[in-house]
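>>> mind folding the following:
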Amino acid sequence: MCIDAVPPPSPRLTRRGVLAGAAALAGTAGVSGAALAAPASAAPRNTAAHRSTAPRGGNLVLRGGTLLDPATGDVIEDAVVVIEDGTVRAAGARGEVATPEGVTVLDAHGKWILPGLVDAHIHLSTVAEARDAVRGGATTVRSGSTSFYQDIAIRELARQVPAQAPRLKAAGVFVTPDLGDTVLADPDLTPLARLRGGVRSPEALRRVVEVNLVRGADVIKTRVNERAGLPEQDPLTQVYSYEQLSEIVGAARRGGKGVLCHSYSEKGCHDAVTAGIRSLEHGVFVGERTLHEMRRRDTYFTPTLTAIAGLVEESDPVLAERGRTYLPVLKRAVRAAHELGVPLAAGTDSSGGKVDRIGREVELMREAGLPALDAIRTATTGAARLLGLDKRVGRLVRGYAGDAIVVDGDPLADISVLKNPVRVVRTGIPV
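Predicted structure coming up:
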């Protein structure tokens, strides 16, 4: 395909620029010669100028439980965790950490205390879903995209009312060939509706990435294969080439962002990894050569075992059979990735109003062959590193976020206890 040169993005959005973009897309659809105008600015629209100062977190003491530090594996019995203004100020054994006076104390005797869990792939579109995620123990999440930038609004909700929403890294809208109604998410996307072949040209791919960046997305989400959850689609069919994926990755990197990529087939996984994505999502048929490449590049693997296991329960026979076939293959891929040293992150891929417990994903990691502590790390320190929050999230030590879960048992002996936390704390506020 012959592609015309693209002018640099305009420093400012004007009506003329929007019309020029529409005209360019019309040309792309039928008449060659016009280029796709970029959205107006690289600066996010709805950041500090549109945001009131977020409130500080709460003051709380967790006392009497057994504290697990996923980073070191250290276990402290009869522990005390002191949270002030939403941040851990001290953590350790009772005799070593003083309990400040006048602060609410949460008694955790007979329980285990862990840092709040991280769901590295979830779709949150409503306040109710955000609240359910927190109540299930996911105090930090990475969005796997939303249709109308709901995740960016939920990110702000989390800043204003932490107990109602998890700390969130937003992906904005999906970079996918068929945007459907998502073209209505932003006026700068509407010219894409004129494209006959969908979002495939370098200009169109850059347009979606750039609109996401302008809207304040923290990461970019794309795909290389069709969906597994739709019976009419074949998850092994590749929808973007290596060159198209490279275009998306390049546009994201120019904005200082990484890319997560929905993938299934081995060729699709390999193309995505070599194109430079930050994390491979699903990845059922990822092969050994690609896993070695992921280890070399420090590319994360977010297998979303929960979502694949959920297919088994579907009433549609195609989906149910797909789940039965895919789940053991994916578990073997997870085990191989762990043995090779590929970094793993837990993600439920929850969507459509049903929020799965992140503890279930950790349980499935354990079933795939990971030792219990390593399985826990996929939803704490490992996932936090993927999100760029490893100096803030995933541990309960001084200076880290005051996010915690209290569980009714030893997760190193029975990891299933993570599915039903008895208490959740978000920035020092009991949920």
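>>> okay, CA-based contacts and neighbour counts for the rest of this
Noted.
>>> check contacts around the residue nearest to residue 368 when sequence neighbours are not counted.
Distances taken as CA to CA, 6 or more residues apart in numbering place residue 331 nearest to residue 368, at 4.7 Å, with adjacent residues excluded. Applying CA atoms under 8 Å, 6 or more residues apart in numbering to residue 331 gives the contacts 305, 365, 367, 368, 369.
>>> most neighbours, which of those residues?
For these, the largest number of neighbours (other CA atoms under 10 Å) sits with residue 365, at 30 neighbours.
>>> re the thing from before, okay, and the residue nearest to residue 368 sits in which element?
Per DSSP states H and E: residue 331 is located in helix 317-340.
>>> same question for that helix: list its buried residues.
Buried residues in helix 317-340, counting neighbours by 16 or more other CA atoms under 10 Å, are found at 318-320, 322-324, 326-331, 333-338.
>>> so what touches stretch 398-410?
Stretch 398-410 has contacts (CA under 8 Å, 6+ apart) with 83-84, 86-91, 108, 110-117, 137, 139, 391-393, 396, 417-418, 420-428.
>>> for that stretch, C-alpha coordinates in PDB please.
Extracted in PDB, the C-alpha atoms of stretch 398-410 (Å, rounded to 0.1, in the frame of the first residue of the first chain):
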ATOM      1  CA  ARG A 398       7.300   2.800  55.100                       C
ATOM      2  CA  GLY A 399       6.400   5.200  52.300                       C
ATOM      3  CA  TYR A 400       4.100   2.800  50.500                       C
ATOM      4  CA  ALA A 401       0.400   3.300  50.000                       C
ATOM      5  CA  GLY A 402      -1.800   2.400  52.900                       C
ATOM      6  CA  ASP A 403      -3.700  -0.300  50.900                       C
ATOM      7  CA  ALA A 404      -4.100  -3.600  52.600                       C
ATOM      8  CA  ILE A 405      -6.200  -6.700  52.700                       C
ATOM      9  CA  VAL A 406      -6.900  -8.900  55.700                       C
ATOM     10  CA  VAL A 407      -7.500 -12.600  55.000                       C
ATOM     11  CA  ASP A 408      -8.800 -15.400  57.200                       C
ATOM     12  CA  GLY A 409      -5.800 -17.800  56.900                       C
ATOM     13  CA  ASP A 410      -2.300 -18.300  55.700                       C
END
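>>> just give me how far it sits from the chain centre.
Relative to the chain's own centre, stretch 398-410 is displaced by 20 Å; criterion: CA atoms, centre = their mean, to the nearest Å.
>>> ok, and what's touching whichever strand or helix holds residue 159?
Taking DSSP H and E as the criterion, residue 159 maps to helix 150-160. The contact list for helix 150-160 (CA under 8 Å, 6+ apart) reads 51, 54-55, 123-127, 130, 143, 145, 164-172, 216-217.
>>> ok, now stretch 253-262?
If you take CA under 8 Å, 6+ apart as the criterion, stretch 253-262 is touched by 42, 213, 218-225, 249, 252, 272, 277-283.
>>> drop anything exposed from the residues you listed.
42, 213, 218-225, 249, 252, 272, 277-283.
>>> among the residues you listed, which are in strands?
Among the buried ones among the contacts of stretch 253-262, the members found in strands (DSSP state E) are 220, 221, 222, 223, 279, 280, 281, 282.
>>> what's near enough to touch the closest residue to the fifth one other than its chain neighbours?
Pointing back at residue 279 there. Excluding its sequence neighbours, the residue lying closest to residue 279 (CA to CA, 6+ apart) is residue 300, at 4.4 Å. For residue 300, the contact set (CA under 8 Å, 6+ apart) comprises 278, 279, 280, 294, 342, 343, 344, 345, 386.
>>> and the last one, how many neighbours does it have?
Right, the one you point to is residue 386. 23.
>>> next, work out how far apart it and residue 118 are.
Distance of residue 386 to residue 118, computed by CA to CA, to the nearest Å: 10 Å.
>>> per-residue pLDDT, residue 229?
The predicted local confidence for residue 229 comes out at a pLDDT of 94.
>>> could you verify that it is part of a strand?
No: with DSSP: H, G, I helix; E, B strand; the rest coil as the criterion, residue 229 is coil rather than part of a strand.
>>> settle this for me: it is touching residue 310, isn't it.
No: contact criterion CA atoms under 8 Å: residue 229 and residue 310 do not qualify, at 9.6 Å.
>>> output stretch 122-135 as PDB, nothing but the C-alphas.
C-alpha atoms of stretch 122-135 as PDB (Å, rounded to 0.1, in the frame of the first residue of the first chain):
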ATOM      1  CA  ILE A 122      -9.700  -5.200  34.100                       C
ATOM      2  CA  HIS A 123     -12.400  -3.200  32.300                       C
ATOM      3  CA  LEU A 124     -14.200  -0.800  34.700                       C
ATOM      4  CA  SER A 125     -16.900   1.300  33.200                       C
ATOM      5  CA  THR A 126     -19.200   2.100  36.200                       C
ATOM      6  CA  VAL A 127     -19.000   3.300  39.800                       C
ATOM      7  CA  ALA A 128     -20.500   0.000  40.900                       C
ATOM      8  CA  GLU A 129     -17.800  -2.000  39.100                       C
ATOM      9  CA  ALA A 130     -15.100   0.200  40.600                       C
ATOM     10  CA  ARG A 131     -16.500  -0.400  44.000                       C
ATOM     11  CA  ASP A 132     -16.800  -4.100  43.500                       C
ATOM     12  CA  ALA A 133     -13.100  -4.300  42.400                       C
ATOM     13  CA  VAL A 134     -12.000  -2.600  45.700                       C
ATOM     14  CA  ARG A 135     -14.200  -4.800  47.800                       C
END
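>>> in the protein, which residue is most central in space?
residue 142 (2.5 Å; CA atoms, centre = their mean).
>>> buried residues, stretch 88-104. List them.
Across stretch 88-104, burial judged by 16+ other CA under 10 Å covers 88, 89, 90, 91, 92, 93, 94, 99.
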